[in-house]
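Q: my questions concern the predicted model and sequence given below.
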Amino acid sequence: MKVNVEIDCTPLEARQFFGLPDVAPMQTAVMDKLQQQVLSNIEKISPESLVQSWFTFDPKIAERFQDMFVAMAGLGGPRSGDKKK
């Protein structure tokens, strides 16, 4: 014997029928908090702030970036400080 029962109700109605709590206020609060954190941290990932943080960490970082790009492009020879093999 096979019995199929089909119930047409909204998720809120199903939660209320089974006695489950309404989590909508909690979800709204969590999403508001997440949105505030994202908006407050958005400045940290702007290109200007990223470049500024990279170049203030090490005074020679600009030279190292330049050397890295030259090496990747294959445009530069050995630097004066490098040993020849």
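A: Perfect, thanks for sending it.
Q: contacts for the longest helix seen in the chain?
A: In terms of residue count, the longest helix belonging to the chain (DSSP state H) is helix 24-41. Helix 24-41 is contacted by residues residue 12 when judged by Cβ atoms under 8 Å, 6 or more residues apart in numbering. Every C-beta, even on glycine, is put in place using the N, C-alpha and C of the backbone.
Q: how far out from the middle of the chain is that helix?
A: For helix 24-41, the separation from the chain centroid amounts to 15 Å (computed by Cα atoms, centre = their mean, to the nearest Å).
Q: avg pLDDT for it?
A: For helix 24-41, the mean per-residue pLDDT is 91.
Q: by mean pLDDT, which helix or strand of the protein comes out lowest?
A: Every helix and strand in the chain was compared by mean pLDDT, DSSP states H and E; the lowest is helix 47-57, with a mean of 72.
Q: what packs against the helix or strand following it?
A: Toward the C-terminus, helix 47-57 is succeeded by helix 61-73 as the next helix or strand (DSSP states H and E). Here helix 61-73 is seen to pack against helix 47-57 when contacts are counted using 3 or more Cβ pairs under 8 Å, 6 or more residues apart in numbering; DSSP states H and E.
Q: phi, psi for the nearest residue to residue 49 once chain neighbours are set aside please.
A: By the measure of Cβ to Cβ, 6 or more residues apart in numbering, the closest residue to residue 49 outside its immediate chain neighbours is residue 43, 6.1 Å from it. Main-chain dihedrals, residue 43, degrees, to the nearest 10: phi -70, psi -30.
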